[in-house]
Each structure stands twice: as structure tokens, then as C-alpha cells.
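**Student:** What follows is a predicted protein model with its sequence.
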Amino acid sequence: MKYEAVIGLEVHAQMATETKIFCGCSTKFGSEPNSQTCPVCIGMPGVLPVLNKKAVECAIKTGLAVHSNISAYSRFARKNYFYPDLPKGYQVSQYELPICEGGHIEIVIDGEVKKIGLTRIHMEEDAGKNIHEGGGPYSFVDLNRTGVPLMEIVSEPDIRTPAEAAAYMKKLRAILRYLEVCDGNMEQGSLRCDANVSVRPVGQKEFGVKVELKNINSFRFVEKALEYEIKRQIKTLEDGGKIAQETRLFDSSTGVTQSMRSKEEAHDYRYFPEPDLVPMVPSAGWLEEIRQSLIELPDAKRERFVSEYGLPEYDAEMLTTEKAVASWFEEAVSAGGQAKAVSNWMMGELTRMLNDENRSIENCPVKPEQLAGMLKLIDNGTISGKIAKTVFEEMYKTGKEAAAVVKEKGLVQISDEAAIEKAVDEVLAKSPNEIERFKAGDEKLMGFFVGQVMKATKGKANPQMLNELLKKKLQSS
């Protein structure tokens, strides 16, 4: 590789508050356009903002979780620019005194842990939304989002590959969702990302010319946009060209980035302290109260799942990405399920069924204790692992207990040695050619014999007993 990429991400996370950051309007998504506004959030003269305490708590909680320093003194500023979806002509944000500074997030790439530094976390209000529809010489403006509370989480330029960027985004989303400070819904815009990317010759310390990619709203698109942009910049340099400092948009339909506007000169936002809001000076007692409210986060939970339950690293990683999934797993184990068996079923059959219906674990029709109950039937020999798949599908469809499904469908495993032996004898009597081939060294035919007996017993034969009887019969025949 002649070149390496230098990537920094700016992630905007909508804080999980019921009302906006400076007024009492609802933050609910999908409401009738311009139905969630008031004189404060649309900037009518003479109104005064009142800071939402829950939003501040969300920002502090996030800062503590990612090892940031919580500022003893921070304040809001006015970021001045003019755009149709910004009714006040300025955005209330934070500039030189943000609420959180520093910190880091750890990601795992190719089995190696990498620490991505954070520059800052600051609070700001969202702008509205311009809607360009209808094809006429006009656009619409929906101000429902105006004043929705955001955190902007700014990383250091420590990311080197698109895969690292996607891993960072996934880890950050997991942390925010664990803390319940952001729902992480990228499709609805609750979590969106701007990427700053440049390339430089390997070994060079100085950064290259930075290009900004705006409003990327999925992990896959973050990776794809960066892959394309890195290749584009390298090709430009290799062809003798120069990288233009600009803002580009990623077109997900074509997989390419397109120039949006030049950034030859930095915007002069004329920041100045917001005169209508006093500085924030959180008390030591409140900070400690928030610190004590922090729960076990993904990394700590993953490590505990490995040490406490003996799970492989991969299983633990998959099960702890979402707090609801981790809780479901622990409830199933508490109900008597063996940890590895619970993990296998969750990552296999359960995930497949949920994905097929685009369901979350919170809406799963099978309860954790029901899976544990089914696993007990496997352990005590009532049903086989193969029959269990049929049982589980019926449990998922109906919500019934495993024992009830087994009884209704007549799926009890056959563990009567005489009955299995009879079925084995019948299959072998019909398969003289296969027996000769097996004796000649074609050991793959064992699968054929097992399948035939299972077919004859409608899949109910105890697998262990069946295999033992077959080996015994084939050796003696």
C-alpha cells in the first residue's frame, strides 16, 4: 500500500427525551409536518429558551461511559448561518466550551483491540427539514425537528480503514442504546454520521487534504462511501491531480460520492456565547448520581459472558451487541438452559426467524423460559435435536410451551432399544448393496443408514442409540 487513509467521524445522536432541548414540544417521529412547533423553537421574537435537564443528563451519561472529562463549566453558543430550515437564522450549539472533552472507544478489528480517541461531545439543537417534492419551482419546510436535542460526538482522526469506521459506529450505537440516551434508529435520522477523510503516503505524518462526506445513515453506507472516496482520492493523486477541499454526498444507489460544495474557505459561523442561556455548572452530587446510574456496558458484559458462562468470544460479542438480546440470553440461562446451548439456538434458529419477519428480540413470541424448557426436553432425551427444530418452529408460531407442542404433535423421541433395533434391521435388510460398499470402505454410507432409519421412525429415533446399534450391526454383518 502506497497510501493510507486518515478518517475522523462526527456522529449526531438524537437524545432520547420526550420534549425538545429548549421548549416543551414533542420529539415524536413521523407526526404531521409543522405540528410540533411553538414560538420558542421557530424563533419568534421575545421568547426565551429553557434548557431540558434530561438532555444534559444524557450527554453527561454518554461522556462518563466513553471516559470523557465532564466540564465543570460549559456553555452554549450561537452558530450563525442562513438556511430555510433554520427559522432563527442561527443554531444553538456549543463551541469553545463543550460539555465533554476527550475520551475513547475501543473496537476489535481482526482480533486486535484498537482505541479510537474522542475530541469532544457537545450538545446542540437540530434544524428542520427541507422537502423537495412535486417537481415545482419550490420546496417545503417541516420544522418538527427544529429544536430536537442532539449530541455531536467527534472522534480523533485515529481511524484508518472503512472497516474500522463501521466497527466504531456499531460500538458507539451499542453504547448509546445500552445507556438508553439514543434509540440509534439510523433510518429515522436518530443517528447519522459525517466523515472527514484524507489520504497520505504511508509513513508521512502530515495529513492530506480533507474531504467531508455528509449525512451517511447506515453502517454499510459508511463503509461503502469511505471505500469509494479513498479509492477516488488515491487515483486522483496517482494521476497527478490535487484533492479539492470540499463537501461530498454519498449516492447509495450508485455507490459513488458526488461533489456538493467547495470548502476552500472555512465557514465563518460568527460564534458567540448564547445570551439567553446561563453557563452550565453541574454539581458534584449530580455528577456522582449519574455515575452511579451507569449500567454494565457492552465490553464489560462481553468479558463477563466469556468468564462467567464459558462462551467463546464470538458468541459473547454477538449476544452483547444489543442490551435486550443479552438480557434475553441471561433470562434463558437463569431458567435452566445451558449457556452454550442457549447461545447456539439464539444465534441460529431464533435469529433466523426474527430476521425473516423483521422482528426485534423484544417482540419475540418465544419467551426465554420457554427455550430453556425445550432444552431440558433435549437433555432428558424426550426429544432429539432434530425434532427440537420442529418443536421450536411451532413454539414460535403459536407461543405454546415445548411440552405442549411435543404432546400435541406426538413428537416424543423413541428411546426404546427394541423399537430402534427393529427399524435398523428392516433398513439393513433392504440395503445389501450399501452394506457391501460400507464394508469396502465407503464410510460415508453411515449417513445413508441413519437417514433411512430416521425416515422410518419419522425422525423420532434417539440419535445416540441409533448410531450405536448401526455400528454394532454393520460390524457383525
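**Tutor:** Noted; the coordinates are in hand.
**Student:** Poorly predicted segments of the stretch 351-477 of the chain, please.
**Tutor:** Scanning the stretch 351-477 of the chain with the threshold set as pLDDT under 70 gives 412-416, 419, 477.
**Student:** make that the stretch 101-250 of the chain, sorry
**Tutor:** If you take pLDDT under 70 as the line, the stretch 101-250 of the chain has no such spans.
**Student:** Now do the helices in it.
**Tutor:** With DSSP state H, counting those that start in this stretch as the criterion, the stretch 101-250 of the chain has helices at 162-179, 219-238.
**Student:** Make CSV out of those helices and add mean neighbour count and distance to V113.
**Tutor:** Any C-beta I mention is one placed from the backbone N, CA and C, and that applies to glycine too. Shown next, in CSV, are the helices of the stretch 101-250 of the chain (neighbours: other C-beta atoms under 10 Å; distance: least, C-beta to C-beta, whole Å):
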stretch, mean neighbour count, distance to V113
helix 162-179, 22, 11
helix 219-238, 18, 20
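**Student:** residues of stretch 19-32 that come out buried?
**Tutor:** Buried residues in stretch 19-32, counting neighbours by 16 or more other C-beta atoms under 10 Å, are found at T19, K20, I21, F22, C23, C25, T27.
**Student:** Let me have the helices of the stretch 101-250 of the chain in JSON lines, adding distance to E303 as columns.
**Tutor:** Output for the helices of the stretch 101-250 of the chain, formatted as JSON lines (distance: least, C-beta to C-beta, whole Å):
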{"stretch": "helix 162-179", "distance to E303": "14"}
{"stretch": "helix 219-238", "distance to E303": "23"}
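**Student:** Nearest to Y138, out of the ones you listed?
**Tutor:** Nearest of the helices of the stretch 101-250 of the chain to Y138, taken as C-beta to C-beta: helix 219-238 at 29.3 Å.
**Student:** Compute the inter-axis angle for that closest one and helix 162-179.
**Tutor:** Put simply, helix 219-238 runs at 150 degrees to helix 162-179, going by axes from the mean of the first three to the mean of the last three C-alpha atoms, to 10 degrees.
**Student:** How about stretch 324-340, which residues are buried there?
**Tutor:** Here stretch 324-340 shows V325, A326, W328, F329, E330, E331, A332, V333, A335, G337, Q338, A339 as buried, counting by 16+ other C-beta under 10 Å.
**Student:** mind checking the SS state of A388?
**Tutor:** Secondary structure, DSSP: H, G, I helix; E, B strand; the rest coil: A388 is helix.
**Student:** okay but it is in contact with M374, surely?
**Tutor:** Yes - between A388 and M374 there is a contact under C-beta atoms under 8 Å: 6.1 Å.
**Student:** ok, these two, which is more surrounded?
**Tutor:** M374 (25 against 22; other C-beta atoms under 10 Å).
**Student:** who's in contact with the strand or helix carrying I420?
**Tutor:** Under the criterion of DSSP states H and E, I420 resides in helix 417-429. Outside helix 417-429, the residues that touch it by C-beta atoms under 8 Å, 6 or more residues apart in numbering are 414, 435, 449, 452-453, 456-457, 461-462, 465-466, 469-470, 473-474, 477.
**Student:** and with 6 Å instead?
**Tutor:** Contact with helix 417-429 is made by Q452, V453, A456, T457, A461, M465, L466, L469, L470, K473, as judged by C-beta atoms under 6 Å, 6 or more residues apart in numbering.
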